[in-house]
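J.: have a look at this prediction, sequence included:
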Amino acid sequence: MKKATVLAFGLILVAGFAGAQGITGSAHDFSGETWSGGTICLPCHTTHHGITDFVAPLWNHEVTVATFVMYSSPTLDGAIDAQPADVSKACLSCHDGTVALENFGGFTGGTTFVTGDALIGTDLSNDHPISIVYSPGTGAGQDSELMPTNSTYADGTIADYLFTSKVECATCHDVHNGGAVGTNPSLLVEDPAGSVICLRCHAK
């Protein structure tokens, strides 16, 4: 095996281990559930033969096929997709309540579903819009009350949290609960106190 290949493989292992450390003890740590087989990563990712046409790397969980009611408002400026993009479907594949938590690795007969505050459902019309173009500016289809995409924070810029220039679930939530995010509720990338998470993007 070439040195570069060994190095790349090592970096992947380290990155995976770091991600698992972030998940440990978080809301996404299912290792204590009987249906998880004691694993942390497998409910979402696999080492081989993942769903290759899906956006998340080596995806291992059944993907939702639900039809969603998207956010709509007469004051909405950015273009919004007709249905959530795959990067948000990765989250909704548990949080829409149509796919069981233990439906991974090809298994589809699970009976454990998300409940309570974690259940978003398929009606997204009363949630923050996702799969919507982040479009600051004063022109047509732009919002003058959005911060510029190069606005800098301690952990990066707004652009670093967009996906093909769009707001998705992971724009505000860190699924891996990594770094300083671990102390924030609901896996948020920013402390919600004082609406700081909102003010990252919205110039109010």
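T.: Yep, it's here.

J.: spatially nearest residue to Pro136 (excluding sequence neighbours)?
T.: Counting by C-beta to C-beta, 6 or more residues apart in numbering, Pro136 lies nearest to Leu146, which is 3.7 Å off, once chain neighbours are set aside. The way it works is simple: take the backbone N, C-alpha and C, and place the C-beta from them, glycine included.

J.: wait, I meant Thr46
T.: Take Thr46 and drop its neighbours on the chain: the residue closest to it by C-beta to C-beta, 6+ apart is Asn60, 3.9 Å away.

J.: can you tell me the centre-most residue of this protein?
T.: The centre of the chain sits closest to Ala170, judged by C-alpha atoms, centre = their mean, with a distance of 3.4 Å.

J.: ok, now which ones touch His95?
T.: His95 makes contacts with 114, 118-120, as judged by C-beta atoms under 8 Å, 6 or more residues apart in numbering.

J.: quick one: which of those residues is nearest Val87?
T.: Distance to Val87 across those (C-beta to C-beta) is lowest for Ile120, with 15.2 Å.

J.: correct me, but that closest one touches Asn126?
T.: No - the pair formed by Ile120 and Asn126 falls short of the contact definition of C-beta atoms under 8 Å, at 9.9 Å.

J.: those two: which is more packed in?
T.: Counted by other C-beta atoms under 10 Å, Ile120 and Asn126 do not tie: Ile120 has more neighbours, with 18 against 9.

J.: ok, back up a step: the residue nearest to the centre of the chain and Cys44, how far apart?
T.: If you measure Ala170 against Cys44 using C-beta to C-beta, to the nearest Å, the figure is 13 Å.

J.: next one: His28
T.: 8 Å.

J.: name the residue in those two with the higher neighbour count.
T.: Here His28 and Cys44 are compared on neighbour count by other C-beta under 10 Å; more neighbours surround Cys44, at 23 against 17.

J.: excluding its backbone neighbours, what's nearest that one?
T.: Nearest-residue entry for Cys44: His61, 5.4 Å, with adjacent residues in sequence omitted and distances by C-beta to C-beta, 6+ apart.

J.: so what does that neighbour look like in phi/psi?
T.: phi -100, psi 150 (degrees, to the nearest 10).

J.: contacting residues around Leu146?
T.: Applying C-beta under 8 Å, 6+ apart, one finds that Leu146 lies in contact with 134-137, 201-203.
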